[in-house]
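J.: Give me the fold of what follows.
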Amino acid sequence: MSITLSRYPAPEQTEALQAPIAQHIRIGGHLLSADVSVPEGGGDLGPSPHDLYDAALGACKALTVLWYARRRQIPLEQVETVIARDDSDERKGSYRLEAVLRLGGPLTDAQVQELESVAAKCPVHKLMTQVTTEITTRAERLA
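T.: So this is what the prediction gives:
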């Protein structure tokens, strides 16, 4: 998989929408924008990198639960995921996320518990909590 980030092309936009640091994110055929808030020096033209990180967890939990429910024929009709962030101690090495899954459909208490257990095992949850991620950064001149 290739993920490409590039400077947000602001010249054709109105001055009020120009963001000095917004980025396009190209993942396959999908295009997203990322930015930071106006007080942080951005234009708030998209979610922040932290928002994207948190959203990846929520999306993974919802997709995992939906996939599992379909395979097990559990009558899950809707999933909403709410992620609450506590980054007050991030600089001290602690970043806390709380995921709440709101499940719709004629589910028994046992099915709700089963889906909660499955959500806790989603791949992004495991990646965030059980895997050591090694990152190498290089800088190159644009041609």
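
J.: Just the residues contacting the lengthiest helix in the chain, thanks.
T.: Counting by DSSP state H, the longest helix found in the chain is helix 49-72. With contact meaning CB atoms under 8 Å, 6 or more residues apart in numbering, helix 49-72 is reached by 32, 34, 47, 74-76, 79-83, 85, 87, 97, 99, 101, 103, 115, 118-119, 121-125, 128. Every residue, glycine included, has its C-beta placed from N, CA and C.

J.: mind redoing it with 6 Å?
T.: Residues outside helix 49-72 that contact it (CB atoms under 6 Å, 6 or more residues apart in numbering): 76, 79, 81, 83, 85, 99, 115, 118-119, 122, 124.

J.: and if you look at stretch 34-42?
T.: If you take CB under 6 Å, 6+ apart as the criterion, stretch 34-42 is touched by 19, 21-23, 25, 43-46, 48.

J.: Now do it, average pLDDT.
T.: Across stretch 34-42, the average pLDDT comes to 90.

J.: quick one: that stretch to chain centroid distance?
T.: With CA atoms, centre = their mean, to the nearest Å as the basis, stretch 34-42 stands 18 Å off its chain's centre.

J.: Then stretch 118-131?
T.: Distance, stretch centre to chain centre, for stretch 118-131: 13 Å (CA atoms, centre = their mean).

J.: That stretch: end-to-end distance?
T.: In stretch 118-131, first residue to last residue: 18 Å (CA to CA, to the nearest Å).

J.: just stretch 123-140 next, same as before
T.: Distance across stretch 123-140, first residue to last, is 32 Å (CA to CA).

J.: Using neighbour counts, pick out the buried residues of that stretch.
T.: Burial within stretch 123-140, assessed by neighbour count using 16 or more other CB atoms under 10 Å, is assigned to 124-125, 128.

J.: likewise stretch 113-123?
T.: By 16+ other CB under 10 Å, the buried positions in stretch 113-123 come out as 114-115, 118-119, 122.

J.: Just name the shakiest helix or strand of the chain by mean pLDDT.
T.: Every helix and strand in the chain was compared by mean pLDDT, DSSP states H and E; the lowest is strand 3-7, with a mean of 52.
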